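**Student:** Model the following, please.
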Amino acid sequence: MFGIPGKQAVVLTPAAAAQVVRLMARQNAAGLRIGVKKGGCAGMEYTMDYVATLDPMDEVVEQDGARVAIAPMAQMFLFGTEIDYEVGLLDSGFKFRNPNVTESCGCGESIKFREVDETAGN
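**Tutor:** Coordinates of the predicted model:
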């Protein structure tokens with residue numbers, strides 16, 4: 001697990017927590033799992049999926065009735081992220097304010113992280 005002991009990996013705004021609670025209830029889900037995958041014009045994309053049961057390897061963040069599970073491979077990329085839910089005239093959705101992102105594409109759906117030294121700690 002990455003991060004600082006006693007500090008949540010991600011923080012949900014009240015709007016995001018309320019939307020996660022609504023989605024969990026609608027799908028009768030144990031929570032939402034957040035991850036990252038290769039793709040998009042900047043190299044990586046966020047993923048969100050409903051989960052029926054939590055994986056013991058996930059980092060679980062519980063806030064105001066919302067439950068978000070962070071996939072193990074995404075934990076180092078998401079640490080320190082604030083997740084918000086914004087409603088606009090043309091679109092609504094989750095917005096990630098991630099201090100680990102170095103670039104994003106124009107549509108805001110694809111991101112790039114600073115290079116990670118995979119030999120560190122070996």
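
**Student:** What strand or helix carries the most centrally placed residue in the chain?
**Tutor:** Within the chain, the residue whose C-alpha comes closest to the C-alpha centroid is Ile34; the distance, by CA atoms, centre = their mean, is 4.3 Å. If you go by DSSP states H and E, Ile34 is part of strand 31-38.

**Student:** neighbouring strands for that strand, and are they parallel or not?
**Tutor:** Strand 31-38 has its sheet partners listed here by DSSP bridges as strand 44-51 (antiparallel), strand 66-70 (parallel).

**Student:** helices and strands around whichever helix or strand comes after the first one, which ones?
**Tutor:** The reference is to strand 44-51. Tracing the chain C-terminally past strand 44-51 and defining elements by DSSP H and E, one meets strand 59-63 next. Applying 3 or more CB pairs under 8 Å, 6 or more residues apart in numbering; DSSP states H and E, one finds that strand 59-63 makes contact with strand 10-12, strand 66-70. For every residue, glycine as well, the C-beta is placed using N, CA and C.

**Student:** can we see that at 6 Å?
**Tutor:** Contacting strand 59-63 under the criterion 3 or more CB pairs under 6 Å, 6 or more residues apart in numbering; DSSP states H and E are the following elements: strand 66-70.

**Student:** Tell me where this structure is predicted with low confidence.
**Tutor:** Along the chain, segments meeting pLDDT under 70 span 1-7, 40-42, 103-122.

**Student:** what's the distance between the residue nearest to the centre of the chain and Leu89?
**Tutor:** Summarising the geometry, the distance separating Ile34 from Leu89, computed by CB to CB, to the nearest Å, is 26 Å.

**Student:** ditto for Val61
**Tutor:** Val61 is 30 Å from Leu89, where distance means CB to CB.

**Student:** out of the two, which sits in the busier spot?
**Tutor:** Between Val61 and Leu89, Val61 has the larger neighbour count (other CB atoms under 10 Å), namely 21 against 5.

**Student:** Tell me how many other residues crowd Met24.
**Tutor:** If you count neighbours by other CB under 10 Å, Met24 ends up with 19.
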